[in-house]
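Visitor: A predicted structure for the sequence below; I have some questions about it.
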Amino acid sequence: MKLTEAERKENREAIARMTIPQRIGYIFEYYKFPLVLILISAVALGSALYYRITRKDTLLYLAYANIAVGDTLDSALDEGFTRSIGADPGKSEVKVYRNLYLSRDASVQNHQYAYASRLKIMAAMTDGQLDVLLMNREAYDIMSSGGYLMPLENVLKRNETLYLRISSRLTKNIVILEDNDIEHQLDESVPYQAVTETVANAVLLSSFALFEQAGFSDDVYLGVVGNSVRMDMVLQYIDYLTAIT
């Protein structure tokens, strides 16, 4: 209802007689809904601005499977690469999935952790958000047998210098084309059978300086997921990892 001029004057005079706490209470009581809307809008705007300012462009998606990477190497694998291609680490990054564990160990704790890690890897691959894996032999065998890794020989030949440098470190592994694993698990009397092929689908990194100096007790392998859409960046990354002396 619209107030008359006399009513508005009376309200102004009443407000003028109020103490500061009374005025604050009055304003909150009669204007709390608009104030809440303004507050929500301000928070939403601030969050959007913060995200825009702090968001980094992802150059590459990387995962560590069954390996523990120290801070020095971790920085080299992310910020070191970013700087090496002339990008600003404050605006660009290598997105890293850490602490992933893949295993065929049937113990309850290991199985649950491995199952969760496998789901995370599969989800990242499905979303196109995984390009390169650094892994130990066990994880490499699992990813290779599942057919998740890209054959590397022809890909690496796009960069002749790179291919000549690491061709002797290409590693072959078994890829299962088809099998009767489900039938075998349901009935162990059914012998397991599989059709396989051997593919060069990883690079053994252990003897390259960056990884040799990191002191890994086991070999470290690099694999590229089969559906990566950032192959130019992947080749730059492999070149960076294997060229450091």
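Guide: Cool, got the structure.
Visitor: ok, residue 111 to residue 204 distance?
Guide: 28 Å (CB to CB, to the nearest Å). In short, each C-beta sits where N, CA and C put it, glycine included.
Visitor: these two: who's more crowded?
Guide: A count of neighbours by other CB atoms under 10 Å puts residue 204 above the other of residue 111 and residue 204, at 18 against 13.
Visitor: residue contacts, the more buried one?
Guide: 169, 170, 171, 219, 220, 221 (CB atoms under 8 Å, 6 or more residues apart in numbering).
Visitor: and the fourth one, how many neighbours?
Guide: To tie it back to what came earlier, the one meant is residue 219. Neighbours around residue 219, by other CB under 10 Å: 17.
Visitor: could you point out which element follows the helix or strand of the chain with the lowest mean pLDDT?
Guide: Using mean pLDDT, DSSP states H and E, helix 20-54 stands out as the lowest-scoring helix or strand of the chain, at a mean of 59. Per DSSP states H and E, the first helix or strand lying C-terminal to helix 20-54 is strand 57-65.
Visitor: who touches stretch 232-245?
Guide: Residues outside stretch 232-245 that contact it (CB under 8 Å, 6+ apart) are 59-60, 62, 76-77, 80-81, 84-85, 94, 131-132, 155-156, 158-159, 162, 165-166, 169, 203, 205, 208-211, 222, 224, 228.
Visitor: apologies, that question was intended for stretch 155-170.
Guide: Against stretch 155-170 from outside (CB under 8 Å, 6+ apart): 152-153, 200, 202-205, 207-208, 224, 231, 234-235, 238-239, 242-243.
Visitor: go on, stretch 86-103?
Guide: By CB under 8 Å, 6+ apart, stretch 86-103 touches 56-66, 69, 74, 77-79, 81-83, 110-111, 113-114, 117-118, 120-121, 124, 129-130, 135, 138-139, 142-143, 237.
Visitor: helices along the chain, start to end?
Guide: Assigned by DSSP state H, the chain shows helices spanning 5-17, 20-54, 71-75, 81-84, 108-126, 137-145, 153-156, 160-166, 181-186, 209-212, 231-243.
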